[in-house]
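K.L.:
Everything below, folded, please.
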Amino acid sequence: MKKLTSIICTVVLVFSLVGCQGQTADKAGTLTGKVTAIDGTTVTLQLGELAERKSPEIKESPENSEKGENPPGIPSGNQNAGGENGTPPEPPSGEGGNAAPGGDMFTAGEETTTVDLADAAITRETAEGTTGGAFSDIAVGDILVVEMGENQKATAVTIKSTGEPKGPGAPNGQPGGSSGGEVNQGTSANTIDADGTYSNEAYTSTGDDENALRIKDAKVVLENITVNKDSGATSNTENGDFYGVNAALLATDGADVTIQGAAVNSSAQNGNGVFSYGKGTTVTISDSAIITTADNSGGIQTTGGAATNARNLQVTTSGSSSAAIRSDRGGGTVNVDGGAYISNGYNSPAIYSTAQVTVKNASLTANNSEALVIEGKNSIALEDCTVIGNMSDTKGSSSDINVHNIMIYQSMSGDADVGTSEFTMKGGNLTSNSGDMFYVTNTACKITLKGVTLAGTSQDRHFLVASGNDASHGWGNAGSNGAQVEFTADGQTFEGDIAVDSISSLSMALTNGSVYTGAVNIEENEQKGSAVEDNAVITIDSGSTWNLTGNCAVTSLTNNGTIHYNGYTITLADGTVLNK
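P.N.:
Next up, the predicted model:
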């Protein structure tokens, strides 16, 4: 009854605010809305309603399920994507971008309003119950219920859900949309749901929201097959990114799929090449070629806690938002050994990681994008790889914030858990043809380089930038969204300046004969956030060297190695100036 009363009040208030778009809320009552912008303590809300959400289900449209027929040798089986008795695969934690923890769904209206929350008591609803909160907990995409008093004052705020799916403007194009809280995988032209080996078959799809081939809840070996997703529109890019709608080949429902010598081609939007979805699902693919040409179409895609093992693949993507090695909400595990992985589109890194990604002996090239991206509590580990990035400084969706080769961040979209990101690279070559080598914002991370050959940094490019951002993309709150970086150089030679803003921190260790050439400086946060302690802590072990190329300002320095000052100085936080 309370929920119904709240919804009625919200509807009444929405109608009373007709014509108030972009204005400040000026009436007592209850506002329900999605945060679209944050400025100081003021939020902009897109008003709407909360309603009870139905339990997740996988749907396969009856009108589409008859479009494809099984080729010879494939059992017809149960074509219902819901699996046995309609049981859906386990959805990843936190999915359903506009779903509140309590099971409510938000439906946006047409009106917006701004509200100052400076004096409001803030609480947060989670699956475990209601807890105390703070303004810093609120991010773009959150669903808020705001109790308004007289005189335009917000008295209480409840954060109903956190994060929203990334929109087209999000970095590397993890696209948006509204899944409606359902695990929707669309239809399939051909479905395998019985154990077996299938050789020299061709699977084709031209239907909307339709896989060319789907394998579900079966142990299957596919040899020398051809999979063509020739056409077919996607009705919801989020379902394509998260669950595999419109992918050429989708493994789901705990399938164990081994693929050898395949040719996979896709020219449909959201037409990811080979998609592994859900806990218990594993795709092992080798000696195969994957080509995708449309937007939002990765080469190999892993989500929902699935696993992908790839060996000696030739992957080429050409669309925007189409990483060659791609993951999204719910993550999983990706292991790659050998092969070449090339992306040609904007916002399409060679790897976009919301998973645990390990790559060895491979070539990774992004011709119009940063090379690598890690989001949140996830990782990329490279060994003996060649990595090249070339991010556009005009068409990159995050180039207005920073142009870079490797980005490590937290988007606050809900697609990746908050926590420490990890990037390690041992041996191989890392080249930046545009921008800074590393850009870290709104997350903690550990970076380790060991014996990597680096190229592309210069005097007008930074080796590393650790800083906050203006929150225009929803990456935390301006003034408190800095980076916390632990960087270890292990027998590593590198050059380029390092910038750490005042709300971020860097702990840098030069070990095992490392040589660094460059300057390290603490810079003021552009959003005037409160400074943190230990902004830049430098440790140089015996046998390692720092060659200064400019005056430096750091918090503290422990030097057991060699510093060549070259006429420059190092100023410590306590005012000490070192020049020899």
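K.L.:
make it CA atoms for all contacts and neighbour counts henceforth
P.N.:
Fine.
K.L.:
roughly how far out does stretch 471-484 sit from the chain middle?
P.N.:
Centroid separation between stretch 471-484 and its chain, computed with Cα atoms, centre = their mean, to the nearest Å, is 15 Å.
K.L.:
Quick one: end-to-end length of it, please.
P.N.:
17 Å (Cα to Cα, to the nearest Å).
K.L.:
Please list the residues outside it that contact it.
P.N.:
Contacts with stretch 471-484, where a contact means Cα atoms under 8 Å, 6 or more residues apart in numbering, come from 37-38, 136, 138-141, 169-170, 409-412, 440-445, 466-470, 501, 503-506, 525-530.
K.L.:
Would you mind checking those residues for buried ones?
P.N.:
Neighbour-count burial (16 or more other Cα atoms under 10 Å) is assigned, among the contacts of stretch 471-484, to 37-38, 138-141, 170, 409-412, 440-445, 466-470, 501, 503-506, 525, 527, 529.
K.L.:
Of those, which belong to strands?
P.N.:
Cross-referencing the buried ones among the contacts of stretch 471-484 against strands under DSSP state E gives Ala37, Ile38, Tyr409, Val440, Thr441, Ala444, Cys445, Ala466, Asp501, Ser505, Leu506.
K.L.:
Which one among those residues sits at the bottom for pLDDT?
P.N.:
When these are compared by pLDDT, Ala37 scores lowest at 73.
K.L.:
Show me which of the ones in strands among the buried ones among the contacts of stretch 471-484 is closest to Gly132.
P.N.:
Closest approach to Gly132 among these (Cα to Cα): Ile38, at 20.2 Å.
K.L.:
thinking that closest one is in contact with Asp137, fair?
P.N.:
No: in this structure, Ile38 is not within contact of Asp137 by Cα atoms under 8 Å, at 11.8 Å.
K.L.:
what's the helix or strand for Thr112?
P.N.:
Using DSSP states H and E, Thr112 sits in strand 104-116.
K.L.:
Looks to me like Asp241 is in a strand.
P.N.:
No: read with DSSP: H, G, I helix; E, B strand; the rest coil, Asp241 is helix and lies in no strand.
K.L.:
distance of the residue nearest to it when sequence neighbours are not counted from Ile300?
P.N.:
In this structure, Asp241 finds its nearest non-sequential neighbour in Asp328, 6.6 Å apart by Cα to Cα, 6 or more residues apart in numbering. Separation of Asp328 from Ile300 (Cα to Cα) stands at 11 Å.
K.L.:
Compare these two and say which is more crowded by neighbours.
P.N.:
Ranked by neighbour count (other Cα atoms under 10 Å), Asp328 and Ile300 place Ile300 first, with 28 against 23.
K.L.:
who does that one bridge with?
P.N.:
Val274, Ile325 (DSSP bridges).
K.L.:
Also Leu364?
P.N.:
Following DSSP bridges, Leu364 is listed with bridge partners Tyr341, Val387.
K.L.:
So what's the residue count around it?
P.N.:
Other residues within reach of Leu364 by the criterion other Cα under 10 Å amount to 26.
K.L.:
Correct me if wrong: it contacts Ala371.
P.N.:
Yes: the criterion here is Cα under 8 Å, and Leu364 meets it with Ala371 at 7.5 Å.
K.L.:
And the residue nearest to the spatial centre of the chain, how close does it get to Asn402?
P.N.:
In the chain, the centroid-proximal residue (Cα atoms, centre = their mean) is Glu375; its distance is 4.4 Å. Look at Glu375 and Asn402: by Cα to Cα, they are 16 Å apart.
K.L.:
quick one: pLDDT of the closest residue to Ala455 other than its chain neighbours?
P.N.:
Closest residue to Ala455 in three dimensions, ignoring its sequence neighbours and counting by Cα to Cα, 6+ apart: Thr431, at 4.6 Å. Note for Thr431: predicted pLDDT of 97.
K.L.:
Assign a three-state SS to Thr431, would you?
P.N.:
Applying three-state DSSP: Thr431 is strand.
K.L.:
tally of neighbours for it?
P.N.:
By the criterion of other Cα under 10 Å, Thr431 has 19 neighbours.
K.L.:
Quick check, it in contact with Gly456.
P.N.:
Yes: counting by Cα under 8 Å, Thr431 does reach Gly456; the two are 5.5 Å apart.
K.L.:
hey, what's in contact with both of the two?
P.N.:
With Cα under 8 Å, 6+ apart, Thr431 and Gly456 have no common neighbours.
K.L.:
Can you get me a residue count around Ser507?
P.N.:
Neighbourhood size, Ser507 [other Cα under 10 Å]: 18.
K.L.:
Isn't it up against Glu533?
P.N.:
No: if you go by Cα under 8 Å, Ser507 and Glu533 don't touch, sitting 11.7 Å apart.
K.L.:
Describe which strands the one helix or strand Ala310 maps to pairs with in its sheet and in which direction.
P.N.:
Following DSSP H and E, one finds Ala310 within strand 306-317. In the sheet, strand 306-317 lines up against strand 282-286 (parallel), strand 289-292 (parallel), strand 332-343 (parallel) (DSSP bridges).
K.L.:
Closest to Phe106 out of the ones in strands among the buried ones among the contacts of stretch 471-484?
P.N.:
For those, the residue nearest Phe106 by Cα to Cα is Ala37; the value is 17.2 Å.
K.L.:
give the contact list for that closest one.
P.N.:
Val43, Thr44, Leu45, Val140, Ser472, Gly474.
K.L.:
quick check, nearest of the residues you listed to Thr576?
P.N.:
Nearest to Thr576 among the contacts of Ala37, counting by Cα to Cα, is Ser472 at 37.8 Å.
K.L.:
where's the closest one relative to Gly133, distance?
P.N.:
Counting by Cα to Cα - Ser472 and Gly133 are separated by 22 Å.
K.L.:
picking up where we left off before, may I ask which two of the contacts of Ala37 are separated the most?
P.N.:
Across the contacts of Ala37, no pair lies farther apart than Leu45 and Ser472, at 15.0 Å, counting by Cα to Cα.
K.L.:
More neighbours: which of these two?
P.N.:
When neighbours are counted by other Cα under 10 Å, Leu45 and Ser472 differ, and Leu45 comes out ahead with 28 against 17.
K.L.:
Quick one: list the elements packing against the helix or strand that contains the more buried one.
P.N.:
Taking DSSP H and E as the criterion, Leu45 maps to strand 42-52. Under the contact criterion of 3 or more Cα pairs under 8 Å, 6 or more residues apart in numbering; DSSP states H and E, strand 42-52 touches helix 2-16, strand 29-39, strand 104-116.
K.L.:
Pick out the shakiest of these, pLDDT-wise.
P.N.:
helix 2-16 (a mean of 38).
K.L.:
before we move on, the earlier item: shared neighbours of Leu364 and Ala371, anything?
P.N.:
Common contact partners of Leu364 and Ala371 (Cα under 8 Å, 6+ apart): Ala350, Ile351, Val387, Ile388.
K.L.:
Highest neighbour count among the residues you listed?
P.N.:
Across the shared contacts of Leu364 and Ala371, neighbour numbers were computed from other Cα under 10 Å; Ala350 holds the maximum, 34 neighbours.
K.L.:
so what's that one up against?
P.N.:
Ala323, Ala324, Ile325, Tyr341, Ile342, Ser343, Leu364, Thr365, Ala366, Glu370, Ala371, Leu372.
K.L.:
What distance do you get for it to Asn344?
P.N.:
With the distance defined as Cα to Cα, Ala350 ends up 9 Å from Asn344.
K.L.:
Name the nearest residue to Ala519, ignoring sequence neighbours.
P.N.:
Spatial nearest neighbour of Ala519, excluding adjacent residues (Cα to Cα, 6+ apart): Asp497 at 4.8 Å.
K.L.:
Would you mind listing where the stretch 151-300 of the chain has pLDDT under the threshold?
P.N.:
151-152, 161-181 (pLDDT under 70).
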